[in-house]
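*Asks:* Sequence first, then the predicted structure, then my questions.
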Amino acid sequence: MKVSTNTQDINCFYLNDEFKNIGHLRSIKKGQTLYAKGESHGGFYYILSGLMGLVDIAPNGSESLLRVFGQNYFTAYRSFLAGEVCNATSTALTDVNYLYFEFSDARDLLRTFPEVYVHLTKTLCHDLRIAEERLNDLTGKRVINRIIEALIFLKKKDPHYVWTRREIGEFCSATTETVTRAFSKLEKVGLIEKDGRDILISDVDKLLGYSNQLESQV
């Protein structure tokens, strides 16, 4: 089976018909949960269209954004490969169409679709590297990725609320000054627009693609 990936973003994956046809086509509405922290399931998901936000919800109800992902992305593959419960909650930021792939365990996937298994393990290793870099320096070169994803998440969650730079920074562990500098950079490349205190996203797909390209750079 031949698979195709986007060389600019290792997480992005394009299904061929053989694998796509075994998936269960489903959809959820904006605001609904795809899976919740602590849930156990025997498979993983592939986003056909729409945007998902992956958040960690603390016992007091506060949310911490882990990442935003969209079309052509797998999700819940870490818990599937590890045979563990989900460590975060995935919420739809828009209406989402997705495929659910069910396997008895990771060995079943390896036996039947080894190319997909290899892709998921490579993606997991890539995610681990990014997590290590962020843990090592929360204010390092990857901060712009957190700011972009926080902006998308919050704007989709409540598009009519004018989120402040401080609120966006608190949500993604960045200073207000860093958020302001990031917005200036994004405005210069035409990915956002300022409307008074509000920030308008010109094209969500382009903004997320820009973030993914930055994150994929070594």
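*Replies:* Everything's here; your move. In this text the structure is predicted, and so the values were computed from the model without any measurement.
*Asks:* which residues of the chain score low on pLDDT?
*Replies:* Scanning the chain for pLDDT under 70 picks out the ranges 1-12, 133-141, 216-218.
*Asks:* Domain ranges for it, per the record?
*Replies:* Domain ranges of the chain: 4-136, 143-216, per automatic domain parsing.
*Asks:* Now render those as TSV, adding mean neighbour count.
*Replies:* All C-beta spots, glycine's among them, are computed from the backbone N, C-alpha and C. As requested, those are arranged in TSV below (neighbours: other C-beta atoms under 10 Å):
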stretch	mean neighbour count
domain 4-136	16
domain 143-216	17
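*Asks:* Please put the alpha-carbon coordinates of stretch 165-180 into PDB.
*Replies:* The C-alpha coordinates for stretch 165-180 follow below in PDB (Å, rounded to 0.1, in the frame of the first residue of the first chain):
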ATOM      1  CA  ARG A 165      -3.300  39.700  24.500                       C
ATOM      2  CA  ARG A 166      -3.000  38.900  28.200                       C
ATOM      3  CA  GLU A 167      -5.800  36.300  28.100                       C
ATOM      4  CA  ILE A 168      -4.300  34.600  25.000                       C
ATOM      5  CA  GLY A 169      -0.900  34.600  26.600                       C
ATOM      6  CA  GLU A 170      -2.200  33.100  29.800                       C
ATOM      7  CA  PHE A 171      -3.900  30.400  27.800                       C
ATOM      8  CA  CYS A 172      -0.700  29.300  26.100                       C
ATOM      9  CA  SER A 173       2.000  30.200  28.600                       C
ATOM     10  CA  ALA A 174       3.300  33.300  26.800                       C
ATOM     11  CA  THR A 175       3.900  36.800  28.100                       C
ATOM     12  CA  THR A 176       1.600  39.600  26.800                       C
ATOM     13  CA  GLU A 177       4.600  41.300  25.200                       C
ATOM     14  CA  THR A 178       5.500  38.100  23.300                       C
ATOM     15  CA  VAL A 179       1.900  37.700  22.100                       C
ATOM     16  CA  THR A 180       2.000  41.300  20.800                       C
END
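*Asks:* which outside residues touch it?
*Replies:* Contact with stretch 165-180 is made by 63-65, 138-139, 143, 146-147, 149-151, 153-154, 182-183, as judged by C-beta atoms under 8 Å, 6 or more residues apart in numbering.
*Asks:* Figure out how far the longest helix along the chain is from the centre of its chain.
*Replies:* Across the chain, the longest stretch assigned as helix under DSSP state H is helix 114-136. Its chain's C-alpha centre lies 13 Å from the corresponding centre of helix 114-136 when counted by C-alpha atoms, centre = their mean, to the nearest Å.
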